[in-house]
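Engineer: fold the following, please.
(chains A, B, C and D)
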2 protein chains.
Amino acid sequence: MTTLGYAILGLLAQEALSGYDLTQRMKGRVGNFWSARHSQIYPELARLEEGGYVKHSLIEQQDRPNKKVYEITADGLETLRIWVTEPPSPRTPKDELVLKAYSVWLANPEKAARLFRDEELRHEEQLTRYKKTRKWMESEHGEEVECPDSPWFAGYASLRRGIGYEKEYAQWCRWVADSIEGKPDAPAKRKKKKGKKKRA
Amino acid sequence: MTTLGYAILGLLAQEALSGYDLTQRMKGRVGNFWSARHSQIYPELARLEEGGYVKHSLIEQQDRPNKKVYEITADGLETLRIWVTEPPSPRTPKDELVLKAYSVWLANPEKAARLFRDEELRHEEQLTRYKKTRKWMESEHGEEVECPDSPWFAGYASLRRGIGYEKEYAQWCRWVADSIEGKPDAPAKRKKKKGKKKRA
DNA sequence: ATTCTATATGTAAATATTGACATATGATAT
DNA sequence: ATATCATATGTCAATATTTACATATAGAAT
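Structural biologist: Numbering: from 1, shown residues only, chains lettered A, B, ... in the order given. So this is what the prediction gives:
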């Protein structure tokens, strides 16, 4: 079973969905930490069905094209349940911007500062969206989000990861941009001394 | 040019390295946010050389097998310089643990809590290693790390991202584990205005 | 009428990545 | 002697993932 398979099962464990629906979900909630295109989802659904983890039924629609709605089977649910508490397979978090940061000493400072300012903004915006969702979750599902056996808790937990991630990311971008522009360290913690030194 | 190609160029921009050396680097500093196996690195080096971005020379050794040491060309350096300030291609941060969190409502609470405690520890340990490196950098290269045109600044910036990332990640793991175990929201650092209402 | 968009489902080719296979040198440990 | 380890370089097969190709329905907009 692939990780994408578990991602799909995780979504189907909460509600029956079509391949198209799953593709949309992969851009939202779950998609913030795992995503896939429809060209990967449809074949994966076929494999999951072949393995007996999901089954589908044809839904006829008048106003739209007909669709196949998939639901998770008892086998699929059990497989998912077991997977959840197994240690994740190690995977390097790949991040192109950090890679760019590693070579930023070569760059034009103005352009580099702009890059990190832009990225800071991007992550601030994502953070704002997340916070809005959190607010909504806390007000509309305040009780469920605190019950570890509620899907709302699980969604809330993932969301909180997103919030922490974006907040930290934006902060880091700001620090990089500030540093390039020669601005002092934000918190009243560090003390710096100016010393221009060229390196070979 | 692939992202891996730029990762390699970024390393070679600082020092000439063999394929084997590059493979080791991919497990360390740069490898914390981009990694590749030697089976991917050797072919990529060949492509980079074919494109004129790097060139190699044979180094004969007595105590060890001979090696090919690669260095970046003027073309490679310029290509890298341009890439650095271009906006990164969007890529979903894929994280299996967050995916597991999304389905954690299905799991056995004891096992789930243990999973997140274990992961918390893993990230705390990585954080400790990073902090040790930061301390060393700040004491041994205190001036360079503040110069945006120094490779030390770039390495320091990447390292700081690692520190922020791991710190936030460990915190989140702790919060998840605590929540599953029914412990109250972490006090101290968090905003106290969070009117935590006990559910009926 | 025609275009555009959202819904809906697929396949194929290209690229990226991993894991296994394969070989060779020299140091060190048993 | 022999086994193991670090160094060193490669290839190949299997997956994973992206991008492009391909088709179809129906509502809304121009």
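
Engineer: and chain A, which of its residues are near DNA strand C?
Structural biologist: A:18-21, A:23-24, A:38-39, A:42-43, A:45-46, A:61, A:64-69, A:89, A:91-92, A:94 (Cβ under 7 Å from any atom of the strand). In short, each C-beta sits where N, CA and C put it, glycine included.

Engineer: output the below-cut-off pLDDT ranges for chain A.
Structural biologist: Applying pLDDT under 70 to chain A flags the ranges A:29, A:186-200.

Engineer: how near is the residue nearest the centre of it to B:Ala16?
Structural biologist: Against the mean C-alpha coordinate of chain A, by Cα atoms, centre = their mean, the closest residue is A:Asn32 at 1.9 Å. A:Asn32 sits at a distance of 40 Å from B:Ala16 (criterion: Cβ to Cβ, to the nearest Å).

Engineer: over to A:Glu140?
Structural biologist: A:Glu140 sits 59 Å away from B:Ala16 when distances are taken as Cβ to Cβ.

Engineer: with A:Thr2 instead?
Structural biologist: Distance from A:Thr2 to B:Ala16, counting by Cβ to Cβ: 39 Å.

Engineer: now A:Gln24
Structural biologist: Here A:Gln24 is placed at a distance of 48 Å from B:Ala16 (Cβ to Cβ).

Engineer: which parts of chain A are strands?
Structural biologist: A:17-18, A:54-59, A:67-72 (DSSP state E).

Engineer: could you give the angle of the second one to strand A:67-72?
Structural biologist: Compare the direction of strand A:54-59 with that of strand A:67-72 by axes from the mean of the first three to the mean of the last three Cα atoms, to 10 degrees and you get 150 degrees.

Engineer: partner strands of strand A:54-59 and their direction?
Structural biologist: strand A:67-72 (antiparallel) (DSSP bridges).

Engineer: just the buried residues of the partner strand, please?
Structural biologist: Of the residues in strand A:67-72, A:67-70, A:72 count as buried by neighbour count, 16 or more other Cβ atoms under 10 Å in any protein chain shown.

Engineer: kindly report the same for stretch A:137-152.
Structural biologist: For stretch A:137-152, burial by neighbour count (16+ other Cβ under 10 Å) applies to A:137, A:141, A:144-148, A:151-152.

Engineer: cool, stretch A:69-82 as well?
Structural biologist: A:69-70, A:72-73, A:76-77, A:79-81.

Engineer: which outside residues touch that stretch?
Structural biologist: With contacts defined as Cβ atoms under 8 Å, 6 or more residues apart in numbering or on different chains, stretch A:69-82 is touched by A:1, A:6, A:9-10, A:12-13, A:16-19, A:22, A:45, A:48-49, A:52-59, B:103, B:106-107.

Engineer: so in chain A, which helix runs the longest?
Structural biologist: Ranked by residue count under DSSP state H, the longest helix found in chain A is helix A:109-140.

Engineer: counting by contacts, list what it packs against.
Structural biologist: For helix A:109-140, the elements it packs on are helix A:151-180, judged by 3 or more Cβ pairs under 8 Å, 6 or more residues apart in numbering or on different chains; DSSP states H and E.

Engineer: circling back to that earlier point, for the closest residue to the residue nearest to the centre of chain A other than its chain neighbours, give me its contacts.
Structural biologist: Closest residue to A:Asn32 apart from its sequence neighbours, by Cβ to Cβ, 6 or more residues apart in numbering or on different chains: A:Gly162 at 5.1 Å. Residues counted as contacts of A:Gly162 (Cβ under 8 Å, 6+ apart) are A:32-33, A:126, A:130.

Engineer: hmm, 10 Å instead?
Structural biologist: Applying Cβ atoms under 10 Å, 6 or more residues apart in numbering or on different chains, we find A:Gly162 in contact with A:29, A:32-33, A:126-127, A:129-131, A:133-134, B:93, B:98, B:172.

Engineer: out of those, which one sits closest to DNA strand D?
Structural biologist: Of all those, B:Pro93 has the smallest distance to DNA strand D: 11.1 Å, by Cβ to the nearest atom of the strand.

Engineer: so who does the closest one touch?
Structural biologist: A:32-35, A:93-95, A:162, A:165, A:169.

Engineer: show me how to select, in ChimeraX, the buried members of those.
Structural biologist: Per 16+ other Cβ under 10 Å, the buried members of the contacts of B:Pro93 correspond to this ChimeraX selection:
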select /A:32,33,34,35,94,95,162,165,169
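
Engineer: keep the contacts of B:Pro93, but drop any that are not near DNA strand D.
Structural biologist: Among the contacts of B:Pro93, DNA strand D is touched by A:Ser35 when using Cβ under 7 Å from any atom of the strand.

Engineer: quick check, nearest of the contacts of B:Pro93 to A:Glu119?
Structural biologist: A:Tyr169 (7.9 Å; Cβ to Cβ).

Engineer: wait, the closest one touches B:Arg160, no?
Structural biologist: No. Using Cβ atoms under 10 Å, A:Tyr169 makes no contact with B:Arg160, being 11.7 Å away.

Engineer: now do the shared contacts for those two.
Structural biologist: Common contacts of A:Tyr169 and B:Arg160, defined by Cβ under 10 Å, 6+ apart, comprise A:Val98.
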